[in-house]
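Student: here you go, sequence then predicted model.
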Amino acid sequence: MFAPHPEDWPTLVEKFKRLDMIWRGIAPSDLQAIKAPTLLAIGDADIVRPEHTVQMFRLLGGGVAGDLHGLTCAQLAVLPGTTHVSVVQRVE
């Protein structure tokens, strides 16, 4: 990674703090409007609960019997032994 302006780091941190305070998630209707192939990846030790990710997966059309209804363009990956932070180390 490359930070072209490292002096701007405090500004970025403040923006993330504000976002954490006001973020209320994505509206179900906005999720359902996504038509692009979508991969939801979560660690089994993630701060995000698996139930929440499954709910998003279903809103994207996933979670149906693919043999009966066909596969959707949504995919769900639950990575074992993985946290919210360490998921980026699981690129393989």
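Tutor: It's in.
Student: next SSE downstream of the worst-scoring helix or strand of the chain on mean pLDDT?
Tutor: Sorted by mean pLDDT, DSSP states H and E, the helices and strands of the chain end with helix 66-69, the least confident at a mean of 77. Going down the chain from helix 66-69, the next helix or strand is strand 74-79, by DSSP states H and E.
Student: go through the least confident helix or strand of the chain and flag the buried ones.
Tutor: By 16 or more other CB atoms under 10 Å, helix 66-69 has no buried positions at all. For the C-beta atoms, the positions are set from N, CA and C on the backbone; glycine is no exception.
Student: again with stretch 23-32
Tutor: Under 16+ other CB under 10 Å, the buried positions of stretch 23-32 are L31.
Student: now do the end-to-end distance for that stretch.
Tutor: Stretch 23-32 has an end-to-end distance of 19 Å (CA to CA, to the nearest Å).
Student: and stretch 76-90, by the same measure?
Tutor: End to end - CA to CA - stretch 76-90 spans 15 Å.
Student: the most centrally placed residue in the chain sits in which helix or strand?
Tutor: Nearest to the geometric centre of the chain sits L40, at 5.2 Å (CA atoms, centre = their mean). Following DSSP H and E, one finds L40 within strand 38-43.
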